[in-house]
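Visitor: got a sequence here, can you build the structure:
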Amino acid sequence: SDIIQSLKEAKLIVVEGTLYPLLSRLKNSGLLTYVWEESTQGPPRKYYELTPEGTVFLNELDSAWKELNQVIDHIKEQ
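Guide: Predicted coordinates:
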């Protein structure tokens, strides 16, 4: 629920039915891991963390995004 709240604060429209399957796919791909922790309020919670492979993949995505932005900025300047 914290992830969904953060995405909403960032003005992204996210539905739980979309987010949790995505997190499962990322985990199954070895990009995420999680641990269950007991909660003082309610049921146990999953806490997600990037794996080393996930960090590399995120850095590659970040580089690709920056390159795409540079191309778009260049086109807009024309």
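
Visitor: now the residue nearest the centre of the chain: how far from D73?
Guide: In the chain, the residue lying closest to the centroid (C-alpha atoms, centre = their mean) is L23, at 7.9 Å. Going from L23 to D73 by C-beta to C-beta, to the nearest Å gives 32 Å. The C-beta positions use only the backbone N, C-alpha and C, and glycine is treated the same way.

Visitor: circling back to that earlier point, isn't the residue nearest to the centre of the chain right up against Y48?
Guide: Yes: between L23 and Y48 there is a contact under C-beta atoms under 8 Å: 6.4 Å.

Visitor: anything in contact with each of those two?
Guide: Taking C-beta atoms under 8 Å, 6 or more residues apart in numbering as the criterion, L23 and Y48 both touch 3, 32, 34.

Visitor: nearest to F57 among those?
Guide: L32 (10.1 Å; C-beta to C-beta).

Visitor: residues in contact with the closest one?
Guide: 23, 26, 48-51, 54.

Visitor: quick one: the strands in this protein, in order.
Guide: For the chain, applying DSSP state E gives strands covering 32-37, 45-50.

Visitor: relative to K66, which of these is closest?
Guide: strand 45-50 (18.9 Å).

Visitor: which positions within that closest one qualify as buried?
Guide: When burial is assessed from 16 or more other C-beta atoms under 10 Å, strand 45-50 yields no buried residues.

Visitor: what mean pLDDT does that strand have?
Guide: For strand 45-50, mean pLDDT is 92.

Visitor: quick one, that strand and strand 32-37 angle?
Guide: 150 degrees (axes from the mean of the first three to the mean of the last three C-alpha atoms, to 10 degrees).
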